[in-house]
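>>> I'd like to go over a predicted model; first the sequence, then the structure.
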Amino acid sequence: ASGVVEEVGTGVDGVSVGDRVAYRGVFGGYAEAAAVPAASLVPLPDELPLDIAGGCLTHGMTAHYVTHDAHAVTAGEWILVHAAAGGTGALVVQMAKLRGATVVATASTAEKRAHAVACGADHAIDYATGDFETACRDLPGFDGFHAILDNVSADTFERNLRLLRPCGDLVIFGMSSGPIPPFDLQRLNALGSLSIRRTNLKHYVLDRGALLRRAGAVLDMLAREKLRITVAGVYPLDRAGEAHEALKGRRTIGKVLLRP
C-alpha cells in the first residue's frame with residue numbers, strides 16, 4: 001500500500017507527518033488508514049505517483065531479487081519467464097532484459113503474449129494450450145535455459161527441468177497452479193547438476209537496510225522510467241471482491257489497484 005503519513009507515534013524517528021510512503025508485509029492495507037511500523041515504511045521519490053508505488057513495491061522487489069540474487073542474470077543468458085504478463089512476471093521480463101538476457105516469455109492468451117513482447121521479451125509462447133517445451137526447443141539458437149523464473153510451479157515443473165541446460169537454475173517464486181509434489185533430489189544430478197530455489201521476498205528484505213536498498217533500486221528504476229507499469233484496473237474499496245474475481249479468473253494484464 002502507499003499513502004501520506006497523517007500521524008507519528010511517540011519516539012518515532014525518520015518519519016514525519018506529510019511524508020509520502022509505501023509499505024508491504026503489514027496486514028490491513030484494505031483501509032482508508034493503517035497503523036504501520038515505521039521500520040516497514042519506504043520513502044517515495046516526489047515524482048512517483050502513489051498508485052504506481054503502492055501497486056508495484058512488492059512485485060518490483062520480487063522481480064529484483066529473482067533477477068539479481070536468486071539468479072543473478074548476466075548478459076547473453078537465455079532466461080524463461082512464466083506468466084510473463086502478470087504484475088510480477090512483466091517486471092521480471094523487463095529486469096532480465098535490462099541485464100542483457102535473451103528472454104522467452106510464456107502467457108496464456110495472445111493479448112498477454114503481446115504485452116510480454118511489449119515489455120521486452122524476445123519470444124512469447126503459449127503455455128496454457130500449446131506445448132511450451134517443444135516451442136522453446138524450436139527457437140533459433142536455443143541450447144537450453146541458463147535459468148527459468150517461475151511463479152506457476154506445479155503445471156510447468158517437469159518441463160522446466162527438461163529445458164534447463166547443465167548447471168541451470170530453476171527459481172520458483174510462486175505457485176499459481178499449486179505446490180510441486182514430493183521430488184527426488186537425485187534427479188537433479190542426472191538432469192545435469194541442476195539447482196532449484198524456492199524463494200520468498202521476505203527472506204531478501206530481512207532487515208531495514210536490505211529493505212531500503214532493494215526498494216530504493218526498484219523505485220529509482222520506476223522514477224527513471226526504466227520499467228513499464230501497466231495498471232489493469234482501479235477499483236474502489238467497496239468493490240474489492242470484483243478485483244479478486246478478475247484476478248482469480250485470469251482476466252487481468254498487469255496490476256490491479258484498490259483505492260479507498
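Structure's in. What do you need?
>>> What is the end-to-end distance of stretch 235-254?
Terminal residues of stretch 235-254 are spaced 14 Å apart (CA to CA, to the nearest Å).
>>> Report the buried residues of that stretch.
Buried positions in stretch 235-254, judged by neighbour count with 16 or more other CB atoms under 10 Å: 235, 243, 252-254. Any C-beta I mention is one placed from the backbone N, CA and C, and that applies to glycine too.
>>> Excluding covalently adjacent residues, which one is nearest to R187?
With sequence-adjacent residues excluded and distances taken as CB to CB, 6 or more residues apart in numbering, R187 is closest to L161, at 7.4 Å.
>>> same thing with R250?
Spatial nearest neighbour of R250, excluding adjacent residues (CB to CB, 6+ apart): S108 at 6.6 Å.
>>> Same check on V12?
Nearest residue to V12, sequence neighbours excluded (CB to CB, 6+ apart): A38, at 4.8 Å.
>>> pLDDT wise, what is the one you found at?
Here the pLDDT value assigned to A38 is 95.
>>> hang on, isn't it packed against S16?
No: counting by CB atoms under 8 Å, A38 does not reach S16; the two are 10.5 Å apart.
>>> can you pull the contacts of the residue nearest to R250?
Residues counted as contacts of S108 (CB atoms under 8 Å, 6 or more residues apart in numbering) are 83, 126-129, 250.
>>> before we move on, what SS does D155 have?
Following DSSP: H, G, I helix; E, B strand; the rest coil, we place D155 in the coil state.
>>> tally of neighbours for it?
17 (other CB atoms under 10 Å).
>>> And D184, by the same measure?
By other CB under 10 Å, 8 other residues sit near D184.
>>> again, but for the one 5 residues further on
For N189, the number of neighbouring residues by other CB under 10 Å comes to 10.
>>> pretty sure it is in a helix, no?
Yes: counting by three-state DSSP, N189 falls inside a helix.
>>> where does W78 sit relative to L41, distance-wise?
The spacing between W78 and L41, counted by CB to CB, to the nearest Å, is 38 Å.
>>> Quick test: name the residue nearest the centre of this protein.
Closest to where the C-alpha atoms of the chain average out (CA atoms, centre = their mean) is T88, at 2.6 Å.
>>> Who are the contact partners of that residue?
Neighbour list for T88: 59, 62-63, 151, 173-174 [criterion: CB under 8 Å, 6+ apart].
>>> separation between it and L48?
Counting by CB to CB, the gap from T88 to L48 is 19 Å.
>>> mean confidence for the helix or strand harbouring H64?
According to DSSP states H and E, H64 maps onto helix 50-65. Helix 50-65 carries an average pLDDT of 93.
>>> buried ones in it?
The neighbour-count criterion (16+ other CB under 10 Å) identifies 50, 52-65 as the buried residues of helix 50-65.
>>> Also stretch 114-129?
Going by neighbour count (16+ other CB under 10 Å), the buried part of stretch 114-129 is 115-117, 119-127.
>>> Stretch 101-116 too?
Within stretch 101-116, the residues that qualify as buried are 101-108, 112-113, 115-116, counting by 16+ other CB under 10 Å.
>>> Out of those, the closest to L212 would be?
A101 (26.7 Å; CB to CB).
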